[in-house]
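[1] Dropping the sequence and predicted coords here.
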2 protein chains.
Amino acid sequence: MARMTQDGRRLRGLRSRETILGQAVSLASVEGLDGLSLGRLAAAIGISKSGFFAHWRDKEELQLDAVDWAARQWREHIVAPALRAPAGVRRLFALHEARLRFYAEHVLPGGCFFRAVQAEFDDRPGEVRDRIVRALRDWEAFIRGLVEEAIALGELAPGVDPAQLAFEIEALGEMAVTHSRLLDERLAFAHARRAVLQRLRGLCPDPSLLPED
Amino acid sequence: MARMTQDGRRLRGLRSRETILGQAVSLASVEGLDGLSLGRLAAAIGISKSGFFAHWRDKEELQLDAVDWAARQWREHIVAPALRAPAGVRRLFALHEARLRFYAEHVLPGGCFFRAVQAEFDDRPGEVRDRIVRALRDWEAFIRGLVEEAIALGELAPGVDPAQLAFEIEALGEMAVTHSRLLDERLAFAHARRAVLQRLRGLCPDPSLLPED
DNA sequence: TATATGAACGTCCGGTCGTTCATATAGTTC
DNA sequence: GAACTATATGAACGACCGGACGTTCATATA
């Protein structure tokens, strides 16, 4: 086994990378990707600032990986659970509920990584912004796909505009974070849940597929 | 005329204050209230950095006044035009359209001051956060009031929950900014407008009060 | 055993940040 | 005119930032 080495150094490095990225995403959900300084990130983990440069060329490379890491976390916590629900309108609602659960359980101290960095980078051209945009585009395309699937299954009225409905679901999900952090947390989730639920029931020929409230 | 002085110094000072605050709100809509540095703010106006301290004790005092200034701008550009529409469901929709127009006309280079600073300060306790929260609370109370008025006028079904509907309208309005800055601007406004319009028409006993689309 | 490599460290640099201070300039009041 | 005050300036400050550098240590390869 010549090339495929069992290198304890690389393993250690991979573990460090994961630790750092997880902490970076957590902190960035609070202070943003740029507001987060390497010094404070290092202090939060308990390593030295210069240790970063063994893993990333500069801060931007770390930011790029942090976006990818957050997208992966999103898929694991929100997309994956939804895919366990039956396809159609129930899966669509399961997706929304998984998102609200993710927020309610405070997986990230700042609530939502993407909300923080979208507001931060929407005016700042560059690779980081591009990657954030791509993540958002993929996410909304995924919602749109679920809507189309529900229409194909006859669980949503055929006249429904998938992009329009995806926009609405995304809006209500995101407002849940804002409201929960600045005003009333319980109310925020209740409003966000009820809005999507009633919207879907109104478009669904068989509302009994969904809970009443 | 002993006390009531015609002081050209104070007048000049007031004008400077307004200029500075307007520019501060513009820049903060892009980079946030903290991301905005005094040096760059001074450079954008063409004054010296230390000139600020003739008007404000420290940066936080300026931030507090900037929040108030932005709230005033919001009232003038969005609340005031809506109040010229007839009370009821038409006024509610006029409010939403005024908001979308405010975004579409790029009054602020960053799109929305409050969106930027909410994401920035939701995790940072202090007076600035408190003032941002108060502005948001007042704004949603205003929407809620318009909903209640529409119900009282019989233009919305009596079963409507004002807080719930206000939440939905606010969510769709805010998502218009995010979408317009990161994805497709035209689509963003179209989706946000149509979502609220169809929602109101669905709740309104006389949908002819509102445009068809 | 000798050599190479990846991870992590401590130190230092140039630059920017908010803030302070002494000073200059107008405009107002006596 | 002198005394006073609001507005603005430029120079300097300590703190912190991202990043560069040489070094140390543990591990892997030959």
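    Happy to help now that I have it. Residues are numbered from 1 along each chain as shown, chains lettered A, B, ... in the order given.
[2] Helix or strand for the spatially most central residue of chain A, just tell me which one.
    Central residue of chain A (C-alpha atoms, centre = their mean): residue A:74, 3.9 Å from the mean position. Assigned by DSSP states H and E, residue A:74 belongs to helix A:59-74.
[3] elements contacting that helix?
    Packed against helix A:59-74 by the contact rule (3 or more C-beta pairs under 8 Å, 6 or more residues apart in numbering or on different chains; DSSP states H and E) you find helix A:8-31, helix A:113-121, helix A:127-152. C-beta coordinates here come from the backbone N, C-alpha and C atoms, glycine included.
[4] Touching that helix from outside, list them.
    Contacts to helix A:59-74, defined as C-beta atoms under 8 Å, 6 or more residues apart in numbering or on different chains, come from residues A:17, A:20-22, A:24-25, A:28, A:33-34, A:38, A:52, A:55-56, A:107, A:113-114, A:117, A:126-128, A:131-132, A:135, A:138-139.
[5] which of these are buried?
    A:17, A:20-22, A:24-25, A:28, A:33-34, A:38, A:52, A:56, A:107, A:113-114, A:117, A:128, A:131-132, A:135, A:139 (16 or more other C-beta atoms under 10 Å in any protein chain shown).
[6] between the host helix or strand of residue A:169 and helix B:113-121, how many degrees?
    Secondary-structure assignment from DSSP H and E places residue A:169 in helix A:162-182. In terms of direction (axes from the mean of the first three to the mean of the last three C-alpha atoms, to 10 degrees), helix A:162-182 departs from helix B:113-121 by 60 degrees.
[7] What residues sit buried inside the helix or strand following helix A:162-182?
    Later in the chain than helix A:162-182, the nearest helix or strand by DSSP H and E is helix A:185-203. For helix A:185-203, the neighbour count (16+ other C-beta under 10 Å) marks A:185, A:188-201, A:203 as buried.
[8] Now do helix A:185-203: which elements does it pack against?
    Using 3+ C-beta pairs under 8 Å, 6+ apart, helix A:185-203 sits against helix A:89-104, helix A:162-182, helix B:162-182.
[9] Figure out which of those is closest to residue B:81.
    Proximity to residue B:81 (C-beta to C-beta) singles out helix B:162-182 among the helices and strands packed on helix A:185-203, at 14.5 Å.
[10] and that closest one, does that touch chain A?
    Yes: using C-beta under 8 Å from any C-beta of the partner chain, we find that helix B:162-182 touches chain A at B:163-164, B:167-168, B:170-172, B:174-175, B:178-179, B:181-182.
[11] count of neighbours near residue A:91?
    For residue A:91, the count of nearby residues is 18 (other C-beta atoms under 10 Å in any protein chain shown).
[12] Now do the same contact list for it.
    Per C-beta under 8 Å, 6+ apart, neighbours of residue A:91: A:82, A:83, A:85, A:146, A:149, A:150.
[13] try 10 Å
    Residues in contact with residue A:91 (C-beta atoms under 10 Å, 6 or more residues apart in numbering or on different chains) are A:82, A:83, A:84, A:85, A:146, A:149, A:150, A:153, A:155.
[14] same question, residue A:48
    Residue A:48 touches A:39, A:42, counting by C-beta under 10 Å, 6+ apart.
[15] State the distance from it to DNA strand D.
    From residue A:48 across to DNA strand D, the span is 8 Å (C-beta to the nearest atom of the strand, to the nearest Å).
[16] try residue A:205
    Applying C-beta to the nearest atom of the strand to residue A:205 and DNA strand D gives a distance of 53 Å.
[17] again with residue A:213
    On the measure of C-beta to the nearest atom of the strand, residue A:213 and DNA strand D end up 46 Å apart.
[18] Then residue A:187?
    In terms of C-beta to the nearest atom of the strand, residue A:187 sits 35 Å off from DNA strand D.
[19] most packed of the helices and strands packed on helix A:59-74?
    With neighbours taken as mean count of other C-beta atoms under 10 Å in any protein chain shown, those reach their highest mean count in helix A:113-121, at a mean of 25.
[20] right, is that one up against DNA strand D?
    No: Helix A:113-121 does not reach DNA strand D (C-beta under 7 Å from any atom of the strand); its nearest approach is 13.1 Å.
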